[in-house]
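Trainee: Sequence first, predicted model second:
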Amino acid sequence: MDQITFHHDTVLSDIHLLLPNTRHLMTRLNNVGQPVFVSKFKILRDAERRDSSDGVRGLEETEKYEDRRKDDDTPREDTEEGGGGGGGGGVEPLLDEDGDLDVTHRPRRDSVEISREFICPVILQQSDSALNYEEEEEGDDEGDKCSKDVIKIEHTMATPLEDVGKQVWRGAFLLADFILSESVMFSGATVLELGAGTGVTSIVMATAAKTVYCTDVGFDLLSMCEKNVTLNRHLMEPAGGEVKVRQLDWLQHDLCTDAGEEFSWTEEEVADMFDNTRFIIAADVCYDDELTDGLFRTLYKLCSSFNRPCIIYISIEKRMNFTLRHLDVSCEAYDHFRHCLSQLQDLQDGRCSFTVTQLQTGFPQFLIYERIEHLELWKVTSSPLHLQTESKTD
């Protein structure tokens, strides 16, 4: 496979589109025949990292953008023939050999010959799926192998909407940035991730937290997530963190505890999750109204059953779409998410109370992606009312 084929019903994450010349190594076909790639994402060191206020483009792209903007703001000098432009002086326009207008563009300091090959991902096909990852990377720099600063992620690209969880999204990177910025807060905690997808956020969380229950649905997706956990043990082991990949379906009422099922929960894990979870995280999971409803039902059910207060962090990208129904640009999935947040905060049933706050996203950026203004991070604090009653009684 030497190129990615796009269909009318496929979706591709901007994470891959905005990383030109990135090597995406195809390793295998999954159970439904989709190509699976492995990509490496570097966690920036202090000297390389930048605050998000420096811009939303990559490290080098920021400076290039500023240079281009300065060039564009520079007034044009009058040409000898034009005498100040505006078509004065009766000067005839320059035409090419076909009689078309020949426009000479002003050169820029950072101009570069950009070809189609330059901006497209480089896809490398592996002929032998049995090769291990160390053999696959023989051509890589030695310093890149098993580096504590490199996250390796298996993922798919250009999937149908129902399989977007198998891709890596900007919302996951935003939440990962927040976790890395606030690692002390998560130190030693038990954390539950809902809709973990490829598991990248759970893996980053395990560099600080003690136990991370990394949950989603579907054997194929969970198997990929389990593989990613294995690939990144070198990141988690120094901190003693553990990621447990488990099935949790927002549209089901109970957790799967059948020992014969893959990725099922043990009774001990269920008890630990309900007794000790301090944080719930979810990254860019609200793109379908039915699933969003299921997410908030699950959040309410879990938090009202917990034996301690819990803080929920949800990242989301506000996506604009033109709809025929409105004949205008709208954000229906985002609007429904905000509606569900409001309902949760206004809920009064005597079991649990919720407080909703939108957080600023000015924390440092540890991963290279475009932190656009439509990326948001929300904090929901839950407090079971029976705990409040008990504290007043004491």
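Mentor: On my side now, so go ahead.
Trainee: Report pLDDT for S39.
Mentor: Predicted confidence (pLDDT) at S39: the value is 89.
Trainee: and it, what element?
Mentor: Here S39 sits within strand 35-42, counting by DSSP states H and E.
Trainee: what helices or strands is that strand leaning on?
Mentor: For strand 35-42, the elements it packs on are strand 23-29, strand 150-155, judged by 3 or more Cβ pairs under 8 Å, 6 or more residues apart in numbering; DSSP states H and E. The C-beta positions use only the backbone N, C-alpha and C, and glycine is treated the same way.
Trainee: if you compare those strands, which one is most tucked away?
Mentor: strand 150-155 (a mean of 22; mean count of other Cβ atoms under 10 Å).
Trainee: Spell out which helix or strand contains the closest residue in space to W250 that isn't next to it in sequence, please.
Mentor: Nearest residue to W250, sequence neighbours excluded (Cβ to Cβ, 6 or more residues apart in numbering): G294, at 3.4 Å. Assessed by DSSP H and E, G294 sits inside helix 289-305.
Trainee: now what about the next helix or strand after that helix, what contacts it?
Mentor: Next helix or strand after helix 289-305 toward the C-terminus (DSSP H and E): strand 310-317. By Cβ atoms under 8 Å, 6 or more residues apart in numbering, the residues outside strand 310-317 that reach it are 169-172, 174-175, 178, 277-286, 299, 302-303, 334, 337, 372, 374-382.
Trainee: Show me those that map onto strands.
Mentor: Counted as lying in strands by DSSP state E, out of these, are 277-283, 375-382.
Trainee: What residues sit buried inside stretch 365-377?
Mentor: Neighbour-count burial for stretch 365-377 flags Q365, F366, L367, I368, Y369, E370, R371, L375, E376, L377 (criterion: 16 or more other Cβ atoms under 10 Å).
Trainee: pLDDT averaged over it - what is it?
Mentor: Stretch 365-377 shows a mean pLDDT of 93.
Trainee: Next, the distance between the ends of it.
Mentor: Taking Cα to Cα, to the nearest Å, stretch 365-377 runs 14 Å from one end to the other.
Trainee: Begin at 427 from now on, thanks
Mentor: Shifting the count to begin at 427 puts that one at stretch 791-803.
Trainee: So R745 sits against E758, correct?
Mentor: No. The criterion here is Cβ atoms under 8 Å, and R745 misses it with E758 at 9.4 Å.
Trainee: Of the ones in strands among the contacts of strand 736-743, which count as buried by neighbour count?
Mentor: 703-709, 801-804, 806, 808.
Trainee: Tell me where the model's unsure across the stretch 627-776 of the chain.
Mentor: Applying pLDDT under 70 to the stretch 627-776 of the chain flags residues 748-754.
Trainee: quick one, helices of it?
Mentor: For the stretch 627-776 of the chain, the helices defined by DSSP state H, counting those that start in this stretch cover 645-657, 659-662, 693-702, 715-731, 758-772.
Trainee: Could I get the buried residue list for the fourth one?
Mentor: By 16+ other Cβ under 10 Å, the buried positions in helix 715-731 come out as T718, D719, G720, L721, F722, T724, L725, Y726, L728, C729, S730.
Trainee: What is the nearest of these to T436?
Mentor: T718 (22.0 Å; Cβ to Cβ).
Trainee: tell me the contacts of that closest one?
Mentor: Counting by Cβ under 8 Å, 6+ apart, the residues that T718 touches are V711, C712, A759, H762, F763, C766.
Trainee: sorry, back to before: same list, the buried ones among the ones in strands among the contacts of strand 736-743, but as CSV with distance to E474 please.
Mentor: Below are these laid out as CSV (distance: Cβ to Cβ, whole Å):
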residue, distance to E474
T703, 34
R704, 31
F705, 28
I706, 31
I707, 25
A708, 28
A709, 23
L801, 21
E802, 25
L803, 23
W804, 28
V806, 33
S808, 37
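Trainee: For those residues, work out which two are farthest apart.
Mentor: Farthest apart among these - using Cβ to Cβ - are T703 and L801, which lie 25.4 Å from each other.
Trainee: hmm, who's touching stretch 682-698?
Mentor: 616, 637, 639, 645, 648-649, 652, 670-673, 675, 681, 699.
Trainee: hmm, try it at 6 Å
Mentor: F645, L648, V671, R672, Q673, L681 (Cβ atoms under 6 Å, 6 or more residues apart in numbering).
Trainee: wait, what's in contact with the second one?
Mentor: The one in question is L648. Counting by Cβ under 6 Å, 6+ apart, L648 touches V671, F689.
Trainee: Give me the spatial nearest neighbour of L770, chain neighbours excluded.
Mentor: Using Cβ to Cβ, 6+ apart, the closest residue to L770 is F780 (4.9 Å).
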